[in-house]
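Student: Sequence first, then the predicted structure, then my questions.
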Amino acid sequence: RDGGKRELFIEISKIKGKPYFLKLSCYTTVNQEMAKKIGAEGIKSNLNSLRNFVLVEDSLAEMSISLSSLKNEGESMVMSTSLAITDMIAEIEEVDMGEDAVSEIDEEEQVDEEEKHPSSAVGQQSPAKEIKPVEKELTFDEKFQLELSKCPKSEQPFIQKAKAGLEKLLNLANDPDWKQINQKGTNIVYSMDAPGGLKCIKGEGYIDYSPMDVKEYLSREGVQKEYDDQFAEGGTVQELSMDAKFIFNRFKGVFMVSGRDFCMLAITIVKPDGQIIISSFSHEHEDCPPHKKYVRAELIIGGWILTPEKSNPNKTYAQYITQSDLKGNIPKSIVNSVSEKQGLLITKVNEAMRKNF
């Protein structure tokens, strides 16, 4: 009927025993004269004022109707609607949505409406748009654990230990108790007291290459000879998954003191922001027994933190940390003197890379 108003009540669901309906007030035809009186915005307003709720998997959700098109076709205005369902956590509240809002309809009215308008009318509505759940982006630790679960079970405990050592290194780097003891150019050396009268050493400075280049250089087997005069030999004992491995390092003696050797568990991790952490600590391995010419020492924690310079990603802000117990009857003054020299390795690595990288 031209201009004839028709109302449809379609039951959506029951919530706590109360029926909720979608009330549609529509016109079979809207001629141009009527359209001028009501206006497109008026039609949109009437449509958007509908209030309706549905129950989805025991949680409340809100169904909203949006206008996808409204245009003139000859002497009529044609419009089409689409339905969308979105999750809603809050409890249902009474909201004044206008004169067309449905507040509640009792059981008797529900039966009358169902008799007048069969349920087949629901099938005439546009299908609800499928709402795809938003996938949660995994954190760095969650991604690490996911990758760890794919590794051979025999390796997982060692990789987990290596990750814990890496976190210890990061926490140590940010400790507020560091005290500056030396500086060479931009390479600053810090010291911090450690248990047993020993010193923990940290060097900070810049390397004129990207973190990835520095990582590639430091990973070369035996490369430590190029920047550390005390280094004798070293290598890989066993490769593990996720860039973890068992390694050994041997160092020359000092004065009348025998050389030291280390067997260590190491891991390298590249973070999403470009920062690279290389961490290691002493861990025994059956294929890395103590060498008869060396004293087996202990690296409590050591490694590199390589951060890309903000203004120049091809330059690295490097931190080198080492805390070791050389064992044996070595005067603490000699132990600490050797350790302090390790804090200047950043400058030596930068110089070595200029020559050999």
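Tutor: It's in.
Student: Can you show me the helices along this protein?
Tutor: Ranges of helices within the chain are 32-38, 40-48, 107-116, 140-149, 156-173, 211-218, 332-342, 345-356, based on DSSP state H.
Student: May I see the buried residues of the fourth one?
Tutor: Of the residues in helix 140-149, those scored as buried under the neighbour-count criterion (16 or more other Cβ atoms under 10 Å) are Phe144. C-beta here means a position set from N, CA and C on the backbone, and glycine is covered the same way.
Student: Which strands and helices lie in contact with it?
Tutor: When contacts are defined as 3 or more Cβ pairs under 8 Å, 6 or more residues apart in numbering; DSSP states H and E, helix 140-149 packs onto helix 156-173.
Student: What residues of the helix it packs on count as buried?
Tutor: Result for helix 156-173 [16+ other Cβ under 10 Å]: buried residues 156, 158-159, 162-163, 165-166, 168-169, 172-173.
Student: Packing partners of that helix?
Tutor: With contacts taken as 3+ Cβ pairs under 8 Å, 6+ apart, helix 156-173 sits against helix 140-149, strand 199-207, strand 244-251, strand 260-270, strand 276-282, strand 298-308, strand 316-325.
Student: For the first one, which outside residues touch it?
Tutor: The list of residues contacting helix 140-149 from outside it, by Cβ atoms under 8 Å, 6 or more residues apart in numbering, reads 138, 156, 159-160, 163, 242, 269, 271-272.
Student: any idea which of those is closest to Ile201?
Tutor: When the contacts of helix 140-149 are ranked by distance to Ile201 (Cβ to Cβ), Ile269 comes first, at 22.2 Å.
Student: was I right about the closest one contacting Asp243?
Tutor: Yes: between Ile269 and Asp243 there is a contact at 7.1 Å, judged by Cβ atoms under 8 Å.
Student: returning to what we had before: out of the contacts of helix 140-149, what pair is the most spread apart?
Tutor: Pairwise over the contacts of helix 140-149, using Cβ to Cβ, the maximum falls at Gln156 and Pro272, 22.8 Å.
Student: pLDDT score for the spatially closest residue to Gln180 that is not a sequence neighbour?
Tutor: Nearest non-adjacent residue to Gln180, counting by Cβ to Cβ, 6 or more residues apart in numbering: Tyr190, 5.5 Å away. With respect to pLDDT, Tyr190 scores 96.
Student: same thing with the one 5 residues further on?
Tutor: pLDDT, Pro195: 83.
Student: Fine by me, we can end here.
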